[in-house]
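Asker: Structure of the sequence below:
(3 chains)
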Amino acid sequence: MGDFDFGVILNNLPFLWQGLQLSLWLTFLAVLGGIALGTLLALARLSGIKPLAFLAAAYVNLIRSVPLILVIFWFYFLVPLAVGQPIGGFYSALIAFVMFEAAYYSEIMRAGIQSVRTGQVHAGQATGLGYWQVQRYIVLPQAFRNMIPILVTQGIILFQDTSLVFVVSLRDLMTASSIVARTEGRLVEMYLFAALVYFVICFAGSLFVRRLQTRMTT
Amino acid sequence: MNYNWNWSVLWEPEYLGWLLSGLGWTVSVALCAWGIAMVVGALVGVGRTLPNRLVSTLCTAYVELFRNVPLLVQMFIWYFAVPEMLPEDAGRWMKREMPQPEFVTAVVALGLYTASRVAEQVRAGIEAVPTGLKSAATAQGMGVAQVYRYVLLPISFRLIVPPMTSEFLTVFKNSSLALTIGLLELTAQSQQIAEYTFQSFEAYTAATVIYVLIALCATIVMTVVERYTRIPGYVGKGN
Amino acid sequence: MDFKFARRLLAIAAVTTGLGPAALWAQDLTGTLAKINDSGEIVIGHRESSVPFSYLNDQQQPEGYSIDLCMKVVEEVEKTLGKEIEVRYVPVNPKTRIALMANGTIDLECGSTTNNLTRQQQVEYLPVTFVTGTKILTRKDSGITSVADLDGKAIALAQGTTNERAVMAAVDALGLDVKILPVRDHAEGMLSLETDRVDAYSTDHILLHGLIAKSKTPDEFAVVGDFLSFDPYALMVRRDDSAFELVGKTALANVFRSGEIDQIYAKWFDPLGVPADPLLKAAFQLGALPE
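Answerer: Predicted coordinates for the structure are as follows:
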């Protein structure tokens, strides 16, 4: 295939940058949505209301045994059909990621909630706080803080997972690199470049997590 | 919007055959990749804990490299980029003469990626063994190899069985990425059925149910393994 | 990054509450036209590598013969609605195009899609805009001149195309041992051929000529064999939406009748050296319905 051609990367930099922006946006929104829905799922599982806990557990276990690609296919093609209203590729993918990652975030949040000692919950109830007040002011703030490193780590995994929108041609960094690779016939350059970008971002993220962890333990 | 339910398409010999063949590929890719991941992951994980600076740095680099690049990108690099980077004969061999190129590529990519995750578990397991045991073994006059052979590895390998269960499940799920390089595994076959019959709900449901069954089987197997490998009365530091 | 979804919601809200300017006569519109009127945009599904019908140019923008024809349809829609509409492009591939049309993600598909009866169970088509069929693309020195020569060789086929089924049927009929590599689209198929992963790639003959023209080494490749299938191309629209279909038919009839089609055809096919064959010219004439 001849020598390395950096020109192809430079020429297509704006296009690739748009792709990276989409990847980052998707990650950011999916992390927010995933944590929100995941927290609700975790609360449902720990609520003590049997049917609710069962449904939440069933959902989490179902999603955790299915590949993300299949979940993307499910949502991408079938949600608009079921809803009867097209919502566009980006939002279909976003919903798929939120629903998928929520199962993983709920496990993290469950551990986080359980890490808050029950004595504090009782103390809160004794002072007359209701269920949501106890969660809002006592349990969840601590659960979040205890779990920040793991939540960020899951965010890094989610960022890597967003590359899978390739299967539905949504134009993220991976798809953009692939389009350039194919149209320009520069496979080696483009895929190694994509790998480098993902690596730098994810590695920086994991160094950040490590700093968080040492700060929290000391 | 109205949808015509037709579950019977799943029992038509042609489509049922596709599903079964997809299941076969999914299981083959996952198990072969798991084999690679166990061997490479154990070596790299042990390597990271060795006193030798060079070895541990190399092993750390391996883990960081393979863990921080999305599996899809790795899969594409192995499939599309590597043959072009090799000398022409070797590249051509990879693309044409190598038996089942898509399968082998998927197994290698998934295996080496999973190895980095297994290595992390192995390292955590070794570090979870109380340092007192290691010191005691060293005091007995054991060399590094003996300490690993008789003390660290037997304990740590049994300690990490529970976390490995989820890695084992993950390898089945991640095998679906092989569809991006043209391997018609379970997810790809279900999509193909959806496209041929336009019965998307039924096709995706079939694949979902099969994946749940795989997860159940894998969990049962690992529970049995866990029961046999549990160290009675032992609570490791890391657990 | 755009957030047209939110804007569309606002537009829908405005219309349903009677605040929108279009609200007065929006009730006369149905289906796709109503949707376009409400949102102010039409969503066009395009291909990434169907040269010269619908593909990404150097600026990664879709262009081609089908895109030009679709722009005529868009103009007709604007005339019908009496206002300007925005065009939004969504990339589709052979595996996704029908599903995305059926589930309402795209309003008009401008690619290189064969009109056949099986697909008409899911989608509807505008009049035929091109006529082609399955052929085989291979290296000139490969020794392959027809399907029969594929025995023991490898061929790439794009999943979800009529060509995939045509080649598989031909291979089965002849009892050949052929390794089939499923690929996502024409670019990936061509790539497999260029990087020597396969001996041949098969799709509609006109697309194969397009792939050769776009290739860096066009002299190395040749299109061989007889037609393995009959593939009349048409723009795809949603099923059971005759109002929108009529707008599309009107737009195409005007283009066919006025002779504008000849310029559009020449613009995209002359560079490939492919003149319109009599069958296609007849199709244009049949599509040129009077007012």
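Asker: ok, residue C:127 - contacts?
Answerer: Neighbouring residues of residue C:127 by CB atoms under 8 Å, 6 or more residues apart in numbering or on different chains: C:234, C:249, C:252-253, C:256, C:283, C:286-287. Where you see a C-beta, it was placed from the backbone N, CA and C, and this is true even at glycine.
Asker: Next, it: phi, psi?
Answerer: phi -60, psi 160 (degrees, to the nearest 10).
Asker: Tell me the confidence at it?
Answerer: In this model, residue C:127 is scored at 95, pLDDT.
Asker: how close does it sit to residue C:267?
Answerer: According to CB to CB, to the nearest Å, residue C:127 and residue C:267 sit 20 Å apart.
Asker: Could I get the contacting residues of residue B:169?
Answerer: Residues in contact with residue B:169, defined by CB under 8 Å, 6+ apart, are A:64-65, B:215, B:218-219.
Asker: Give me the residues contacting stretch C:144-151.
Answerer: For stretch C:144-151, contacts defined as CB under 8 Å, 6+ apart pick out C:136, C:138, C:143, C:153, C:167, C:170-171, C:174, C:176-178, C:199-200, C:224-226, C:228.
Asker: List the buried residues in that stretch.
Answerer: C:144, C:147, C:149-150 (16 or more other CB atoms under 10 Å in any protein chain shown).
Asker: ok, back up a step: only whichever of the contacts of stretch C:144-151 are buried, select them in PyMOL.
Answerer: The buried residues among the contacts of stretch C:144-151 can be selected in PyMOL (16+ other CB under 10 Å) with this line:
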select buried, chain C and resi 136+138+153+167+170+171+178+199+200+224+225+228
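Asker: Narrow the contacts of stretch C:144-151 to those in strands?
Answerer: C:136, C:138, C:200, C:224 (DSSP state E).
Asker: Please identify the residues of chain C in proximity to chain A?
Answerer: By CB under 8 Å from any CB of the partner chain, the residues of chain C that approach chain A are C:1, C:4-5, C:43, C:48-49, C:56, C:60, C:90-93, C:96, C:99-100, C:102-106, C:187-188, C:191, C:194-195, C:216.
Asker: Next, format the contacts of residue C:127 as CSV and append neighbour count and secondary structure.
Answerer: Shown next, in CSV, are the contacts of residue C:127 (neighbours: other CB atoms under 10 Å in any protein chain shown; DSSP: H, G, I helix; E, B strand; the rest coil):
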residue, neighbour count, secondary structure
C:234, 24, strand
C:249, 18, helix
C:252, 25, helix
C:253, 18, helix
C:256, 20, helix
C:283, 21, helix
C:286, 11, helix
C:287, 19, helix
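Asker: Turn those into CSV, including distance to chain B and pLDDT.
Answerer: Converted to CSV, the contacts of residue C:127 look like this (distance: CB to the nearest CB, whole Å; pLDDT from 0 to 100):
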residue, distance to chain B, pLDDT
C:234, 19, 96
C:249, 24, 95
C:252, 27, 96
C:253, 30, 96
C:256, 31, 95
C:283, 27, 93
C:286, 29, 92
C:287, 28, 91
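Asker: Pick out the most distant pair among the ones in strands among the contacts of stretch C:144-151.
Answerer: Within these, two members stand farthest from each other by CB to CB: C:200 and C:224, at 8.4 Å.
Asker: which residues do those two both contact?
Answerer: C:136-138, C:144.
Asker: which pair in the residues you listed spans the largest distance?
Answerer: Every pair of these checked by CB to CB; the farthest is C:137 and C:144, at 9.6 Å.
Asker: what is in contact with those two at once?
Answerer: In contact with both residue C:137 and residue C:144: C:200, C:224, using CB under 8 Å, 6+ apart.
Asker: Chain B: helices as residue ranges?
Answerer: Here chain B has its helices, by DSSP state H, at B:13-49, B:53-67, B:71-76, B:82-85, B:88-92, B:101-128, B:131-139, B:144-146, B:153-159, B:161-174, B:186-197, B:200-229.
Asker: Can you convert these into a markdown table and add a column each for mean pLDDT and distance to residue A:118?
Answerer: As requested, these are exported to a markdown table (pLDDT from 0 to 100; distance: least, CB to CB, whole Å):
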| stretch | mean pLDDT | distance to residue A:118 |
| --- | --- | --- |
| helix B:13-49 | 96 | 36 |
| helix B:53-67 | 96 | 36 |
| helix B:71-76 | 96 | 40 |
| helix B:82-85 | 91 | 54 |
| helix B:88-92 | 88 | 62 |
| helix B:101-128 | 95 | 27 |
| helix B:131-139 | 89 | 33 |
| helix B:144-146 | 89 | 45 |
| helix B:153-159 | 89 | 28 |
| helix B:161-174 | 91 | 25 |
| helix B:186-197 | 90 | 43 |
| helix B:200-229 | 92 | 28 |
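Asker: moving C-terminal of the helix or strand of chain C with the lowest mean pLDDT, what's the next helix or strand?
Answerer: Every helix and strand in chain C was compared by mean pLDDT, DSSP states H and E; the lowest is helix C:23-26, with a mean of 43. Sequence-wise, the next helix or strand downstream of helix C:23-26 (DSSP states H and E) is helix C:31-39.
Asker: roughly how far is that next one from the heart of the chain?
Answerer: 22 Å (CA atoms, centre = their mean, to the nearest Å).
Asker: what helices or strands is that helix leaning on?
Answerer: helix C:4-16, helix C:23-26, helix C:65-81, strand C:231-238, helix C:242-258 (3 or more CB pairs under 8 Å, 6 or more residues apart in numbering or on different chains; DSSP states H and E).
Asker: let's go with 10 Å and repeat that
Answerer: helix C:4-16, helix C:23-26, strand C:41-46, helix C:65-81, strand C:86-91, strand C:231-238, helix C:242-258 (3 or more CB pairs under 10 Å, 6 or more residues apart in numbering or on different chains; DSSP states H and E).
Asker: ok so, going back, so which pair among the contacts of residue B:169 is furthest apart in space?
Answerer: Spatially, the most separated pair among those is A:64 and B:218, at 11.8 Å (CB to CB).
Asker: between the two, what contacts are shared?
Answerer: Jointly contacting residue A:64 and residue B:218 under the rule CB atoms under 10 Å, 6 or more residues apart in numbering or on different chains are B:166, B:169.
Asker: What is the burial count for residue A:213?
Answerer: By other CB atoms under 10 Å in any protein chain shown, 15 other residues sit near residue A:213.
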